[in-house]
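Colleague: I need the structure of the sequence given here:
(one chain, ligands or ions: 2)
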Amino acid sequence: MLINLTISLNYSAINPKVIYNMKKILFTFFILTSLNSNSQSLNFRAQGKYYTAKENYESRNYDDAIKAINESKELLGGSNYQLQYLHVMAAYKAGKYKEAQIEMNRYFNILDRKEQPKGFSKTVEELTYDETKELTKLIDPIDSNVANQIKEKKRKEEEESKIAEAVKHFKLINCDNDDCLAGTIWVNGKVKCYCDGKGYVIYLNNRYTCKYCKGTGKRDEKVRANCSSCKGKGEIYKYDGDVYLSDYEIEEILRNHKKEIDYYIKN
Ligand SMILES: [Zn+2]
Ligand SMILES: [Zn+2]
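Modeller: Ligands and ions are numbered 1, 2, ... in the order given. As a prediction, the model looks like this:
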């Protein structure tokens, strides 16, 4: 074939247009040949990725399994039952319910022939009855998990926007503890006794137990201590937003969003 083409090329050297056409044929011939062998090797590589995915799935490396499945599909230029089964199972076990749902739909699209399956060149074990059963049993759990995830996402978003608004509605007011003066209050405390903390006194070479502290070396006295309401600051944060927040929510926001609250108080 090559020799023939070369001869024709030489022979038709007289006519440039013929040469051009011959070159075109030759080029197309090589492209087609390489494409064919290329797609064959892609298919083998796709099958290799499928086995990699299966191994990863069996050793519970679900993310690695999903990665190999996606690579396999890409090499294959499509998908099939085995790949879809593995994809659904791995995504479900990885807690990626939305992905599991999408891949479940694709499985049924292939089943309903809405999508042509792309098979592997070498035979791969077909899905067993148990595997198909396992897959269909996942339909409901996947759907309810997706619904829960959506609900949870919405709840989180609402929570976040509630907090984002709440941090704007704090102000600093004087401590609401009546006994608090600039952050401190009187409390019962112990101080070193008049006996210099020894617990005894010496009188005429005799040792007597101290009558104030009865030997403890300490006596009661009122001392100033940090107020527990304002933690010694003399001021407390007060929420005065329109949206109702429970005491617990206010505490949580104060604990986790102090910086933002201070920012809005200053500005
Ligand atoms: Zn004493
Ligand atoms: Zn206070």
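
Colleague: average pLDDT across stretch 65-84?
Modeller: Here the mean pLDDT over stretch 65-84 is 97, rounded to a whole number.

Colleague: again, but for stretch 190-200
Modeller: Per-region confidence: stretch 190-200 scores 93 on mean pLDDT.

Colleague: for it, measure first residue to last.
Modeller: Distance between the two ends of stretch 190-200: 17 Å, counting by Cα to Cα, to the nearest Å.

Colleague: give me the buried positions along that stretch.
Modeller: Buried residues in stretch 190-200, defined by neighbour count with 16 or more other Cβ atoms under 10 Å: Cys193, Cys195, Gly199. C-beta coordinates here come from the backbone N, C-alpha and C atoms, glycine included.

Colleague: now the residues you listed in TSV, with secondary structure?
Modeller: Putting the buried residues of stretch 190-200 into TSV (DSSP: H, G, I helix; E, B strand; the rest coil) gives the following:
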residue	secondary structure
Cys193	coil
Cys195	coil
Gly199	coil
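
Colleague: could you tell me which residues of the stretch 151-267 of the chain lie near ligand 2?
Modeller: Where proximity means Cβ under 5 Å from the ion, the interface of the stretch 151-267 of the chain facing ligand 2 comprises Cys175, Asn177, Cys180, Cys227, Ser229, Cys230.

Colleague: which ChimeraX command selects the buried ones in those residues?
Modeller: A single ChimeraX command is used to select the members of these judged buried by 16+ other Cβ under 10 Å:
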select :175,180,227,229,230
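
Colleague: near ligand 1, which residues of this protein?
Modeller: If contacts are counted using Cβ under 5 Å from the ion, the residues of the chain sitting beside ligand 1 are Cys193, Cys195, Cys210, Tyr212, Cys213.
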